[in-house]
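*Asks:* attaching a predicted model along with its sequence, questions to come.
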Amino acid sequence: MAAEVLPGAREAEERAERLPVVLNVNDNEGARYMTSVMLRRAGFEVLEAADGKSALEYAEQMPDVIVLDVRLPDIDGFEVCRRIRANPRTARLKVLHTSATFVTLDKKVHGLEVGADGYLSQPFEMQELVATIQSLIRLSRAELDLRERADQLLEASRRKDEFLAMLAHELRNPLSAISACLPLLSQRGPVNEREARARDIVERQVLHLGKLVDDLLDVARVTQGKIELHRVVVDLRTLLERVATGTRETKASQRRQTISLHVPAEPVYIQGDPTRLEQIFANLLDNASKYTDAGGTIGLSATPFTEGVTSWVRIAVTDTGIGMSAESLATIFGLFSQAEVAIDRSRGGLGIGLTLVKTLVELHGGRVTAQSLGLGAGSRFEVELPTLPTDARHVPAIARVLSVRAARRRILIVEDNTDVRDGLVELCQMWGHEVLTAGEGQEGVRLAIEQRPDIAFVDIGLPGIDGYEVARRVRENASGKDLLLIALTGYGSREQKARAIEAGFDHHVVKPVDTKLIQDLVSDLNHTRQTSQQARSAAP
């Protein structure tokens, strides 16, 4: 079977097979004739023009090189060259200026400044002319090959991003089903110690898989420049305490590692996205724990400092782990980059966490660095973020804890994935609610209108009509005006959330479903409706 030829390689072969084309522009008929003879003898195909206007018209035929005399009757060669460069179609053409009169240094420099690639003084020898043109053709073809390669890499990168996003979306459905079923297993105590350990393993691994899926989606957003921050005033001290406690309970305690925390006695306020800030420091602490052996020590500290007139805080994450070589330090923040990985991949991970850290830190106006004295000498990561001035620190942090109400709700679940649907049904019934189900969009619309549920959880990717259309049809009916509509989806981009709100949804929940969030939405229905109405009224 013949090997497949890439489009760029095929075009390169075609260019190599055809004769190079040279446009010879000169108003002096004798000089133009002699130059064309030289070029044809050297094996070039030649086009001729006697003035600047004709030269610009012939340039549209995309010759390989333009031999352009500076002195022309209508438009001088400098202006012709400038116009060639200004035209996006002809901007990459190679231009060789020639002149029998304008041979001073300043004229040569001016020609190069307006875009010429070379300058020859007439009369010139055939060898000099041919060698110069061949050099420009080689340069042009090398540039074209590089552009084609860059286009191929961009297309491959785009397909990779689409694949990662689709993979993350497809992984969310099984994860959502598992997450919804886990609380059901906790209704009774474990039969024995083996079952208790098995439950703990499942819960930990579901959380781990969820984080990997989130990282896959985030790395796609990073490469596409789609990450946006939702800034509020954040007490960094409290946030670091929370992250340290979470890592201590979920990672460090299992590995018998010690996490020490040193933060200022007073609050440290910054303007930032609390979710993304937690992601930064959770990633750094998880990374430190992963590359530190059992019994090791991890440090987390925050130190305010001043640089010029700007107040900063330096957050350091240190460990006594495997350390990094100088080669690893040079690439550690690159996508899919990791420190030396053993063949058994016992340290795990996708190698994208530090890329996310660097991107998120820079989006917050900060900087991040990595340090290590070498293999076996541990590592130190420093994040520096600007802090708010003193007069802005009076802004209080507002936290509202939703209480779990005992009111019985009628809930409609529209989901074509049987496992996800059954898991949500069992979960809602365990909380004492009445549950209706539909496996496709039109049945969901019918039940929403006829049965008048309090809440409807609607998957976006449904057979027949999608979730957006379900929301639109429900909202068009008087029975669906006050229904709380919650979109369930594996896609969580800002654009998709905006599309869901525009279609009529009140909330946009990304799979795998957070059971605590679902419980809060169901329990405090009045508050949920109020906040959702505010969100819809604020939507563009």
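*Replies:* Sure, I can see it.

*Asks:* which secondary structure element is home to the residue lying closest to Ser186 once chain neighbours are set aside?
*Replies:* Counting by C-beta to C-beta, 6 or more residues apart in numbering, the nearest residue to Ser186 once its immediate chain neighbours are dropped is Arg199, at 7.6 Å. For every residue, glycine as well, the C-beta is placed using N, CA and C. Per DSSP states H and E: Arg199 is located in helix 193-224.

*Asks:* mind listing what the residue nearest to Ser186 touches?
*Replies:* By C-beta atoms under 8 Å, 6 or more residues apart in numbering, Arg199 lies in contact with Leu185, Ser186, Pro190.

*Asks:* next, count neighbours for the first one.
*Replies:* Other residues lying near Leu185 total 13 when counted by other C-beta atoms under 10 Å.

*Asks:* which residues does it contact?
*Replies:* Listed by C-beta under 8 Å, 6+ apart, the contact set of Leu185 reads Arg199.

*Asks:* how about 10 Å then?
*Replies:* Glu195, Ala198, Arg199, Val202, Glu203 (C-beta atoms under 10 Å, 6 or more residues apart in numbering).

*Asks:* now Ser311
*Replies:* Val268, Tyr269, Ile270, Pro304, Phe305, Pro386, Thr387, Leu388, Pro389, Thr390.

*Asks:* quick check, nearest of those residues to Val513?
*Replies:* Closest approach to Val513 among the contacts of Ser311 (C-beta to C-beta): Ile270, at 30.8 Å.

*Asks:* wait, a helix at that closest one?
*Replies:* No. Ile270 is assigned strand when assessed by DSSP: H, G, I helix; E, B strand; the rest coil, not a helix.

*Asks:* can you start the count at 22 instead of 1 from here on
*Replies:* Got it, first residue is 22 now, which makes that one Ile291.

*Asks:* could I have the CA atoms of stretch 376-384 written out in PDB?
*Replies:* Taking Å, rounded to 0.1, in the frame of the first residue of the first chain, the C-alpha atoms of stretch 376-384 are listed here in PDB:
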ATOM      1  CA  THR A 376       1.400  24.500  33.200                       C
ATOM      2  CA  LEU A 377      -2.000  25.400  34.700                       C
ATOM      3  CA  VAL A 378      -0.300  26.900  37.700                       C
ATOM      4  CA  LYS A 379       1.900  29.200  35.600                       C
ATOM      5  CA  THR A 380      -1.000  30.300  33.400                       C
ATOM      6  CA  LEU A 381      -3.300  31.000  36.400                       C
ATOM      7  CA  VAL A 382      -0.600  32.800  38.400                       C
ATOM      8  CA  GLU A 383       0.100  35.100  35.400                       C
ATOM      9  CA  LEU A 384      -3.600  35.700  34.800                       C
END
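
*Asks:* and that stretch, how far out from the chain middle?
*Replies:* Taking C-alpha atoms, centre = their mean, to the nearest Å, one finds the center of stretch 376-384 at 11 Å from the center of the full chain.

*Asks:* in it, which residues are buried?
*Replies:* Neighbour counts over stretch 376-384 (16 or more other C-beta atoms under 10 Å) mark Thr376, Leu377, Val378, Lys379, Thr380, Leu381, Val382, Leu384 as buried.

*Asks:* need those in CSV with secondary structure, can you?
*Replies:* Below are the buried residues of stretch 376-384 laid out as CSV (three-state DSSP):
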residue, secondary structure
Thr376, helix
Leu377, helix
Val378, helix
Lys379, helix
Thr380, helix
Leu381, helix
Val382, helix
Leu384, helix
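
*Asks:* most widely separated two among the residues you listed?
*Replies:* Across the buried residues of stretch 376-384 (C-beta to C-beta), the longest gap, 12.7 Å, separates Thr376 and Leu384.

*Asks:* the longest helix along the chain: how far from the chain's middle?
*Replies:* Identified as the longest helix of the chain according to DSSP state H is helix 147-206. Its chain's C-alpha centre and that of helix 147-206 lie 13 Å apart, by C-alpha atoms, centre = their mean.

*Asks:* please apply the same query to stretch 121-141.
*Replies:* Centroid separation between stretch 121-141 and its chain, computed with C-alpha atoms, centre = their mean, is 45 Å.
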